[in-house]
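>>> no sequence on this one, just coordinates:
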Ligand SMILES: [Zn+2]
């Protein structure tokens, strides 16, 4: 079977630090920033038809991206949260450390939530989100339609667990 896919690239800047997955004194335990580069790929069963208008895709991505861009992304149990909140810093909190794997997973879930309202999922095989933290470090989230973890129910993506919160 022939497949066709589209890829939309986007980027954002954010600060983060890891508190559970690295020991104290590790460079990633210190608050620091990255310029993240992302690619969202939508693989379909379509051949020549348009999968989704790129401008529409851009709009969908932007509805998710603002939560990450120029934010401090932290583990929801990080002791920095109280301090930064008092300083009116904008944060995005994750359950678990904001590793590139966790960030890709969370952004992927959020994108699915938005995309389900913007395109026909019946011809989609899978969605792949790649996020590079540095030139050589890339996280990938793949959602194959039919996965038991996530499923589409009447235009709502049902998640397997509550993974995110915002401040
Ligand atoms: Zn980092």
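Noted; the coordinates are in hand. Quantities reported herein were computed from a predicted structural model and do not represent experimental measurements.
>>> how about the residue sitting nearest the centre point of the chain, phi and psi?
In the chain, the residue lying closest to the centroid (Cα atoms, centre = their mean) is residue 107, at 1.5 Å. Per-residue torsions, residue 107: phi -60, psi -40 (degrees, to the nearest 10).
>>> Please tell me how far the closest residue to residue 118 other than its chain neighbours sits from residue 115.
Leaving aside its sequence neighbours, residue 118 sits nearest to residue 60 (Cβ to Cβ, 6 or more residues apart in numbering; 5.1 Å). Just so you know, the C-beta spots here come from the backbone N, C-alpha and C atoms, and that holds for glycine as well. Relative to residue 115, residue 60 is positioned 6 Å away (Cβ to Cβ, to the nearest Å).
>>> low-confidence ranges in this protein?
Scanning the chain with the threshold set as pLDDT under 70 gives 146-167.
>>> in it, which spans are helices?
Assigned by DSSP state H, the chain shows helices spanning 54-65, 80-86, 100-115.
>>> Which one, of the ones you listed, ends up nearest to residue 17?
Taking Cβ to Cβ, helix 80-86 is the member of these nearest to residue 17, at 7.5 Å.
>>> Can you name every helix or strand that that closest one contacts?
Judged by 3 or more Cβ pairs under 8 Å, 6 or more residues apart in numbering; DSSP states H and E, helix 80-86 is in contact with strand 71-75, strand 91-94.
>>> out of the ones you listed, deepest packed?
Greatest average neighbour count among those goes to strand 71-75 (a mean of 22), per mean count of other Cβ atoms under 10 Å.
>>> Could you spell out the sheet neighbours of that one, each with its direction?
Looking at strand 71-75 with DSSP bridges, its partner strands are strand 4-16 (parallel), strand 91-94 (parallel).
>>> Pipe those into CSV and attach distance to residue 137 per row.
Output for the strands paired with strand 71-75, formatted as CSV (distance: least, Cβ to Cβ, whole Å):
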stretch, distance to residue 137
strand 4-16, 13
strand 91-94, 17
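>>> so which of those gets nearest residue 122?
Nearest to residue 122, of all those, is strand 4-16, at 14.7 Å by Cβ to Cβ.
>>> Run through the bridge partners of the residue nearest to residue 101 when sequence neighbours are not counted.
Of all residues not flanking residue 101 in the chain, residue 139 sits nearest, at 4.8 Å (Cβ to Cβ, 6+ apart). Per DSSP bridges, the residues bridged to residue 139 are residue 131.
>>> show me the contacts for residue 139.
Contacts of residue 139 were listed using Cβ atoms under 8 Å, 6 or more residues apart in numbering, and they are 99, 100, 101, 103, 104, 105, 130, 131, 132, 133.
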